[in-house]
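Student: structure for this input, please:
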Amino acid sequence: MAEMLVQQRLAACVQVQGPVASTYHWEGRLEQAQEWLCVAKTDGTHFDLLKTAILEQHPYEEPEIVATEIVGGSETYLAWIRKELG
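Tutor: Below you'll find the predicted structure:
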């Protein structure tokens with residue numbers, strides 16, 4: 001999925017971390033799963049397309065998709081993200 005998101009220029013970079021052990025309630029049951037945390041570097045313009053692509057490819061009925069606003073950073077890095085998103 002990471003490669004697809006970068007190839008389609010929906011994310012400039014996707015970092016994959018894991019496996020992580022997750023414990024959560026789902027449909028009335030306590031669940032435990034081995035999962036992978038993916039951090040996709042994108043912007044507000046591409047977020048909805050990125051979200052749609054994840055929902056289409058992810059095996060979960062409700063994958064975790066959250067956005068965190070970037071309030072600062074290296075100008076050259078942020079420019080790189082913009083350039084990679086086209």
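Student: flag the shaky bits of the chain, pLDDT-wise.
Tutor: Along the chain, segments meeting pLDDT under 70 are nowhere present.
Student: can you show me the helices along it?
Tutor: Using DSSP state H, the helices found in the chain span residues 2-7, 44-57, 75-85.
Student: rebuild those helices as TSV, extending it with mean neighbour count and distance to residue 69.
Tutor: In short, each C-beta sits where N, CA and C put it, glycine included. Output for the helices of the chain, formatted as TSV (neighbours: other Cβ atoms under 10 Å; distance: least, Cβ to Cβ, whole Å):
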stretch	mean neighbour count	distance to residue 69
helix 2-7	14	19
helix 44-57	14	8
helix 75-85	12	12
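Student: was I right about residue 53 contacting residue 11?
Tutor: No. Applying Cβ atoms under 8 Å as the test, residue 53 and residue 11 come out as separate, 9.3 Å apart.
Student: please enumerate the shared neighbours of these two.
Tutor: Overlap of the contact sets of residue 53 and residue 11 (by Cβ atoms under 8 Å, 6 or more residues apart in numbering) consists of residue 5.
Student: surely residue 78 meets residue 70?
Tutor: Yes. Between residue 78 and residue 70 a contact is recorded at 7.1 Å, counting by Cβ under 8 Å.
Student: which neighbours do these two share?
Tutor: Joint contacts of residue 78 and residue 70 (Cβ under 8 Å, 6+ apart) do not exist.
Student: beta partners for the residue positioned nearest the centre of the chain?
Tutor: Centroid-nearest residue in the chain, with Cα atoms, centre = their mean: residue 40, separated by 4.1 Å. Residue 40 forms beta bridges with residue 14, as assigned by DSSP bridges.
Student: surely it meets residue 16?
Tutor: No. Contact between residue 40 and residue 16 fails when scored by Cβ under 8 Å: they sit 9.9 Å apart.
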